[in-house]
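In: Let me see the structure of the following:
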Amino acid sequence: MTIKPLIILPDPKLRQVSTPIERVDETLRKFADDMLETMYDAPGIGLAAIQVGEPIRMLVLDVSKEEEEKTPRVFLNPEVVSRSDGRSTYEEGCLSIPDYYAEVERPAEVTVRYLGLDGAMHEESASGLYATCLQHEIDHLDGILFIDHISKLKRDMVIKKFTKQARLKAG
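Out: Down below sits the predicted model:
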C-alpha cells in the first residue's frame, strides 16, 4: 500500500467534478487500500479520491473512535437519495484544508446509494457523525468544499490565507 500526497487548497483540482466509476477491478481495489492508508496516516476520518488527485467518484471513511476496532468503508459512485428535515451541526475539518475547522449545519440523516467493491449496489441510512462525513466527502466529488457551507466572509479569509501560503511555498 502507498500513502498518496494530499491536494491542498487553493489547488483548482479540488473544484473538479469527479467522473463515475465504470467498473470494479483489482486496480480500483488497490487504490481503495492506498486511500484508506493515506486517510489513516493523515490522520482523518474521510477522504475523497479527488483529494489525492484522482477525479473519480470514490470515497473512503472510518468514523470509529480511536479505542474501537477500525471499520473502513469504501463507497463508489455514492449519491444521497434522501435527506431528513432535521438538521445537525458538527465542527468540520478537511485534510485538504489543514488546521482549519468550522461549524457546518447539514441534514441530520441521509440515505445513500452506492456501488461497493463487491460490484453490487447498496443503500443505507446514516445519522450523526457518519451522515455528516458521508455528505462532506460526497460534496468533494462534486467540487464542493465544507467552507462553501460557511459565510462568504469566513470562506474568503480561508481561501486568501491558503493562497498566500501556497505562494510562499512556491517561492
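
In: Show me the strands in this protein, by range?
Out: Ranges of strands in the chain, per DSSP state E, are 46-48, 58-61, 73-83, 87-94, 97-107, 109-115, 121-127.

In: Give the buried residues for the fourth one.
Out: It stands for strand 87-94. 88, 90, 92, 93, 94 (16 or more other CB atoms under 10 Å). Backbone N, C-alpha and C define where each C-beta goes, glycine included.

In: Turn these into JSON lines, including pLDDT and distance to residue 152.
Out: Shown next, in JSON lines, are the buried residues of strand 87-94 (pLDDT from 0 to 100; distance: CB to CB, whole Å):
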{"residue": "88", "pLDDT": "97", "distance to residue 152": "23"}
{"residue": "90", "pLDDT": "96", "distance to residue 152": "21"}
{"residue": "92", "pLDDT": "98", "distance to residue 152": "17"}
{"residue": "93", "pLDDT": "97", "distance to residue 152": "20"}
{"residue": "94", "pLDDT": "98", "distance to residue 152": "18"}
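
In: Quickly name whichever of the residues you listed is closest to residue 50.
Out: residue 94 (11.8 Å; CB to CB).

In: tell me, how many neighbours does the residue nearest to the closest one when sequence neighbours are not counted end up with?
Out: Of all residues not flanking residue 94 in the chain, residue 146 sits nearest, at 5.6 Å (CB to CB, 6 or more residues apart in numbering). Residue 146: 23 surrounding residues under other CB atoms under 10 Å.

In: So residue 111 is in contact with residue 78, correct?
Out: No - contact criterion CB atoms under 8 Å: residue 111 and residue 78 do not qualify, at 10.9 Å.

In: If you rank every helix and strand of the protein by mean pLDDT, what lands last?
Out: Every helix and strand of the chain was ranked by mean pLDDT, DSSP states H and E. The lowest is helix 152-170, at a mean of 94.

In: Between strand 97-107 and that helix, find me the angle.
Out: If you take axes from the mean of the first three to the mean of the last three CA atoms, to 10 degrees, helix 152-170 sits at 160 degrees to strand 97-107.

In: Output the contacting helices and strands for helix 152-170.
Out: When contacts are defined as 3 or more CB pairs under 8 Å, 6 or more residues apart in numbering; DSSP states H and E, helix 152-170 sits against strand 97-107.

In: Given the strand it packs on, what are its sheet partners and their directions?
Out: When pairing is defined by DSSP bridges, strand 97-107 lines up against strand 87-94 (antiparallel).

In: That's all I had, so thanks and see you.
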